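>>> Any chance you could fold what I've pasted below:
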Amino acid sequence: MKKLKNNSVAFSVISKYPFSGDSKTRLAKDVGLESAGRLSECFLKDFLRRFEKNQMKESFVQTSLWITPYRKETQDYFKNLLSNTNVSFKIVEQPDITFFAKLAYIGESAYKEGLNWLFLTGSDIPDFPFEIFKDVSFKSNTVYIGPDIDNGFYFIALETKYFDLLNLKIENEETVLDSLVKRCQAGGIKVNVLKEWSDIDTIEDLKVTLSRNCPYELPHTYELTQNLFNG
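Sure thing, here's the model as predicted:
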């Protein structure tokens, strides 16, 4: 992939220590807590592998991995994981605040560092479609949203000055995606909807991910799922 057009982009990835005891709890209902943790680790490894394969590391001024819980065990785990790859991420502590306030905090951090744009996603998408980055044309006053199949979003790109858009407050039966779009429109900000995709929260999500990939595309995830499902 060609280098992104804009030279002031932060790429931030939210990740949780796979063996924290509360990783992928919905998935754990079907496969058990230990297997859910191991799967979460595989998702992260395949995500980083695809990041490297798609030659993304030269596209950003800053790449950050926002981790939780932020303790020595967790820091050592992520440092060791990254040391076995050719990708470079700054390891940063996730603040202990609500989820959407956390997203806004990440955007604000990039803004305070003088970066113009933020690309934001999570590490639980082993087959993250990095090709969508070419659809971000860096138009001012425009937010680029990758919608999730469960009416949320798996990716967002926005000017860092609009970081507070991410601090959503979901009302009544409103979906996360609807809330974000409404907030953008209320501020006179255009919304550009990208390819629909999904992260993995449930066993059904996992099966969808496996069905749209060949084993060599997600080697870590495939190897473990074969052992789980056929063991």
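
>>> drop to CA atoms for contacts and neighbour counts, all remaining ones
Will do.

>>> Am I right that residue 54 is in contact with residue 132?
No - counting by C-alpha atoms under 8 Å, residue 132 is not a contact partner of residue 54; they are 11.6 Å apart.

>>> Please determine how far residue 148 is located from residue 197.
Using C-alpha to C-alpha, to the nearest Å, residue 148 is found at 5 Å from residue 197.

>>> anything in contact with each of these two?
Residues touching both residue 148 and residue 197 (C-alpha atoms under 8 Å, 6 or more residues apart in numbering): residue 154.

>>> Enumerate the strands of the chain by residue range, in sequence order.
Chain-ordered strands for the chain, with DSSP state E as the definition, fall at 9-16, 62-68, 90-93, 117-122, 142-147, 153-159, 190-193.

>>> could I get those as CSV with mean neighbour count and mean pLDDT?
Below are the strands of the chain laid out as CSV (neighbours: other C-alpha atoms under 10 Å; pLDDT from 0 to 100):
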stretch, mean neighbour count, mean pLDDT
strand 9-16, 23, 95
strand 62-68, 20, 95
strand 90-93, 15, 95
strand 117-122, 22, 97
strand 142-147, 22, 97
strand 153-159, 22, 97
strand 190-193, 16, 97
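
>>> Make TSV out of these and add distance to residue 217.
Below are the strands of the chain laid out as TSV (distance: least, C-alpha to C-alpha, whole Å):
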stretch	distance to residue 217
strand 9-16	20
strand 62-68	22
strand 90-93	25
strand 117-122	18
strand 142-147	21
strand 153-159	20
strand 190-193	26
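
>>> List just the one of these that sits closest to residue 169.
Go through the strands of the chain one by one with C-alpha to C-alpha and the one that ends up closest to residue 169 is strand 153-159, at 14.8 Å.

>>> which helices and strands sit right next to the closest one?
Here strand 153-159 is seen to pack against strand 117-122, strand 142-147 when contacts are counted using 3 or more C-alpha pairs under 8 Å, 6 or more residues apart in numbering; DSSP states H and E.

>>> and the longest helix for the protein?
Among all segments of the chain classified by DSSP state H, the helix with the greatest residue count is helix 33-53.

>>> Under the pLDDT cut-off, which ranges of the chain? List them.
Across the chain, the stretches falling below the confidence threshold (pLDDT under 70) are 1-7, 57, 230-231.

>>> any idea how far residue 187 is from the residue most central in space within the chain?
The residue at the geometric middle of the chain, judged as the C-alpha nearest the mean C-alpha position with C-alpha atoms, centre = their mean, is residue 122 (1.7 Å). Here residue 122 is placed at a distance of 26 Å from residue 187 (C-alpha to C-alpha).
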